[in-house]
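1. generate a structure from the sequence data that follows.
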Amino acid sequence: MNYLPVILAILWSVSLPAQAVFEATADAGQVFVDGYFEVRFTLKNSEGTNFQPPSFTNFQVLSGPAKSMSTTVINGQVSKEMTYSYTLQPRRTGTFTIGRARITAEGRQLSSDPISVEVLKRPGNTPQGRQFYVEAVPSSTEAYVGQQIRLDYRLYTKVDIQNYNIIEEPDYAGFYAEDIRRPDTRLKQQIINGDQYYVRTLKSIALYPQQAGRLTIPPATLQLGVITGEQDSYSLFFGNNIRRVPVQTDSLNITVNSLPRPTPAAFSGAVGDFRLRTSVNRHTLTTDDALSVTMEISGNGDIKRVQAPDPDLPPSFDQYDPETEEYDLGELNGFRQGQKVYTFLAQPREAGTYKIVPTFVYFNPDSAVFQTLTSDTLQLTIRQGSQRSNAPDVADNLAIEPGDIGPLRLNTRLRKQHPFYLVNTPIFWTLASVPFFLFFGMLIYRRKRLNQEATDPAEQRRRQAQHMAMTRLETAKEYLQNDQRRAFYDEVSKAMLGYVSDKLDIPWSELSKDNVRIRLETLTVDQQKIAQFMDILQNCEMALFAGKANTGSMQQTYDHSLDMLATIEQQLAQKTKQANS
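-> Numbers count the residues shown, from 1 in each chain. Model (predicted):
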């Protein structure tokens, strides 16, 4: 494989500077007329000069501009920020717009977008609300199976909070959960029921529903360190007294919808917003060379559910199972981003000019439709490779005397020169060719059948079901050895459910215990084995959502899963053999 173009492309992309961005933000969208708020003008990915603030009409500048600069390095990528901040107080009630600020960066002038702020009159004689509380705020209370939901735990307070501690967090039963590592924790202001609160996000979780229905997220329990303002006489430096106060969020109900039916045959299992990028290792090659097609899929859905897409290779190419790599791309606009890279290896068998257009089908929850991403057309020119023939040379140079023209004398002559004279007879070569014709005929038939199966995504998934399940169980074994219990049971559950989904062609959105049991019964799988299979799923659920797990049960679950896959494969193979006989 020629890696030079890939390396040059990476170096070129790294060498390109990120584009400068100039934006304005405020820590409040609403504020009382006697309150105050902060507005920031931030230049990212560059250094600027000649900053020009807007005219703060209708506001009094209490302080500013305060200039600050910061530099961060994440995964080798350097980012810079230059911020000008002002503290403002409204002069009157109404809705007002803070105009554009301007700054010069990279030889051009950049402008920020205007900001709208609503100024309210503080109500009088209203009952005082809670001093502080914590709320679990989902990005949506309705989603599809596999769609990402961001859950924020937000603190609302009118008093000083020094610290917090999460005492008990829900298990998120029915969801696959991942922490959002870089949530927006900036302090903001918000008016709620006539009270002005300071709001901060304490923690953010990315949730991916795994089943349809109404799912409930139980309350979370936290402990807040509230500054009382009193002096602590027992403290060495007589600091402020901290009161530990337990708080609890309300439970949440999330409505999870199944995906529309019917699902396209090429549906990958991805739900969310995705992007596709494709490339080949070379555009010109011979029938002696190997072709590598790379498909990069990235988006904000559950990347673990994404199955291998269709590289659209011609039937005259021998295609092999793809190599798969999975990456965490961090967060974008508050949602986790993931990437899967599939590398397909193929061997062209016929010369010619080909056009391939790899595609990727996913479900877009915003439009509630299945969408197909199509890459640019990839042109391939295949030349004929070297012709190597191992056929034996059967021509014999026989020295025949001029007088040896009679059949008897010719045969005698042949017998004298070649004791195995039948080797040169047509009968011998006809009989000797029969096994070769049968072999190549079976080879062509098998290749044609494999090509037909390769064009059927469902058939591909059925053939690779055991391989994919065993790969997941190998990952589960690593979690077992490291005593990572939640990750272990999650991987075993996905291995077993993924196996029946691929083997029995059941969409993930319809994977229920009853459905799995019925389908296994239709395949005449032994009832005892079906019960054991359901026990494995039950054990995984109990361990994931009820915390009932220990190292011994983990090993037993792993062993039973291996035995179960082997048994079901054996019974299905016997049934197929009986059907073909």
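
2. name the helix or strand for the nearest residue to T475 once chain neighbours are set aside, please.
-> Spatial nearest neighbour of T475, excluding adjacent residues (CB to CB, 6 or more residues apart in numbering): E491 at 5.2 Å. Where C-beta positions appear, they are placed from N, C-alpha and C, glycine not excepted. E491 is part of helix 485-503, with elements assigned from DSSP states H and E.

3. helices or strands up against that helix?
-> Contacts defined by 3 or more CB pairs under 8 Å, 6 or more residues apart in numbering; DSSP states H and E place helix 485-503 against helix 457-481, helix 513-522, helix 527-545, helix 551-580.

4. show me the one of the ones you listed that comes nearest F37.
-> Proximity of these to F37 was assessed by CB to CB; the nearest stretch is helix 527-545, lying at 42.6 Å.

5. pull the CA atoms of the closest one into PDB?
-> Below are the C-alpha coordinates for helix 527-545, written out as PDB (Å, rounded to 0.1, in the frame of the first residue of the first chain):
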ATOM      1  CA  GLN A 527     -35.700 -25.000  24.400                       C
ATOM      2  CA  GLN A 528     -33.100 -25.400  27.100                       C
ATOM      3  CA  LYS A 529     -30.600 -23.400  25.100                       C
ATOM      4  CA  ILE A 530     -33.100 -20.700  24.500                       C
ATOM      5  CA  ALA A 531     -33.700 -20.400  28.200                       C
ATOM      6  CA  GLN A 532     -30.000 -20.200  28.800                       C
ATOM      7  CA  PHE A 533     -29.700 -17.500  26.200                       C
ATOM      8  CA  MET A 534     -32.400 -15.500  27.900                       C
ATOM      9  CA  ASP A 535     -30.700 -16.000  31.200                       C
ATOM     10  CA  ILE A 536     -27.500 -14.400  29.900                       C
ATOM     11  CA  LEU A 537     -29.500 -11.300  28.700                       C
ATOM     12  CA  GLN A 538     -31.200 -11.200  32.100                       C
ATOM     13  CA  ASN A 539     -27.900 -11.400  34.000                       C
ATOM     14  CA  CYS A 540     -26.500  -8.600  31.900                       C
ATOM     15  CA  GLU A 541     -29.500  -6.400  32.600                       C
ATOM     16  CA  MET A 542     -29.400  -7.100  36.300                       C
ATOM     17  CA  ALA A 543     -25.700  -6.300  36.400                       C
ATOM     18  CA  LEU A 544     -26.000  -3.100  34.300                       C
ATOM     19  CA  PHE A 545     -29.100  -1.600  35.900                       C
END
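
6. what helices or strands is that helix leaning on?
-> Checking 3+ CB pairs under 8 Å, 6+ apart, helix 527-545 ends up next to helix 485-503, helix 513-522, helix 551-580.

7. so for the shortest one, mean pLDDT?
-> In this model, helix 513-522 has a mean pLDDT of 73.

8. what packs against that helix?
-> helix 485-503, helix 527-545.

9. hmm, F370 is touching P262, no?
-> No - with contacts defined as CB atoms under 8 Å, F370 does not count as touching P262, sitting 9.7 Å away.

10. the two - which one has more neighbours?
-> Using other CB atoms under 10 Å as the criterion, F370 and P262 rank with F370 on top: 18 against 9.

11. pLDDT wise, what is that one at?
-> pLDDT at F370 comes out at 93.

12. for Y489, same thing?
-> 84.

13. next, G441: secondary structure please.
-> helix (DSSP: H, G, I helix; E, B strand; the rest coil).
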